[in-house]
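Visitor: return a 3D structure for these sequence lines:
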Amino acid sequence: MTLRDIRNGPLAEALLLLPARMASTLAELQLLTTTLQEDPDQRRRQWPAGPARGLWQFEPGTEKSRGGVWGIFLHKASREPLRKLCAARAVAFDPVAIYQALQHDDVLAAGCARLLLFTDPHELPKLGDEDGAWQLYLRTWRPGAYSNGDAQARAKLRGKWKANYAAALAVIQ
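Guide: Residues are numbered from 1 along each chain as shown. The predicted structure is shown next:
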């Protein structure tokens, strides 16, 4: 799918299933950039091996880590919208079931990704604030390749984000 296909398909459908306040151009920009960053080949599975699933590469997390699926399952801001999203997608309201469905349900994956952004206490970055979008991505997705990477790996990931943001911004505008 192209970014436009993602925006007009699973992302648009997911936003209709979430509270209206979650639908915005700013959220769409962040989510389109993130899917390019996380799953550019749309494998919906961390490649070559790893736990992340779906177009936005969600990990299961744990109850203790409060990351990934467990994070949005437990967070007070996302729990009830997640329950409704799961009901609409016929997925059991259970972190394991949600995680297992992400690889095959792009609408669920888009909704979960939006809910993760919603758990961040900061406002969404304004259009054109590529650095603010990068900081939001680091706070919410907590990419291991960045936190565990050396300076060269971090610079490469940052450069990739810059290009992905420009591509997503072109679709939004």
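
Visitor: can you dump the C-alpha atoms of stretch 80-92 in PDB for me?
Guide: Provided in PDB are the C-alpha atoms of stretch 80-92 (Å, rounded to 0.1, in the frame of the first residue of the first chain):
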ATOM      1  CA  GLU A  80     -11.700   2.200  27.200                       C
ATOM      2  CA  PRO A  81     -11.200   3.300  23.600                       C
ATOM      3  CA  LEU A  82      -9.100   0.100  23.100                       C
ATOM      4  CA  ARG A  83     -12.000  -2.000  24.500                       C
ATOM      5  CA  LYS A  84     -14.400  -0.400  21.900                       C
ATOM      6  CA  LEU A  85     -11.900  -0.800  19.100                       C
ATOM      7  CA  CYS A  86     -11.400  -4.500  20.000                       C
ATOM      8  CA  ALA A  87     -15.200  -5.000  20.000                       C
ATOM      9  CA  ALA A  88     -15.600  -3.400  16.600                       C
ATOM     10  CA  ARG A  89     -12.800  -5.600  15.200                       C
ATOM     11  CA  ALA A  90     -14.100  -8.800  16.900                       C
ATOM     12  CA  VAL A  91     -10.900  -9.200  18.900                       C
ATOM     13  CA  ALA A  92     -10.900 -10.300  22.500                       C
END
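
Visitor: what does it contact?
Guide: 14, 17-19, 22, 72-73, 93, 97-98, 101, 105, 107-108, 111-112, 115, 118 (CB atoms under 8 Å, 6 or more residues apart in numbering). The C-beta positions use only the backbone N, C-alpha and C, and glycine is treated the same way.

Visitor: among the residues you listed, the buried ones, what's the ChimeraX command?
Guide: Command for ChimeraX, covering only those of the contacts of stretch 80-92 found buried under the criterion 16 or more other CB atoms under 10 Å:
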select :14,17,18,22,72,73,98,101,105,107,108,111,112,115,118
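
Visitor: can you tell me how far the residue nearest the centre of the chain is from residue 154?
Guide: Taking CA atoms, centre = their mean, the centroid of the chain lies closest to residue 113, which sits 3.2 Å from it. For residue 113, the distance to residue 154 equals 23 Å [CB to CB, to the nearest Å].

Visitor: same thing with residue 55?
Guide: For residue 55, the distance to residue 154 - CB to CB - is 24 Å.

Visitor: which one of those two has more residues nearby?
Guide: Taking neighbours as other CB atoms under 10 Å, residue 55 and residue 154 compare with residue 55 leading, 25 against 15.

Visitor: which non-adjacent residue is nearest residue 139?
Guide: In space, not counting the residues next to it along the chain, residue 139 is nearest to residue 120; the distance is 5.9 Å by CB to CB, 6 or more residues apart in numbering.
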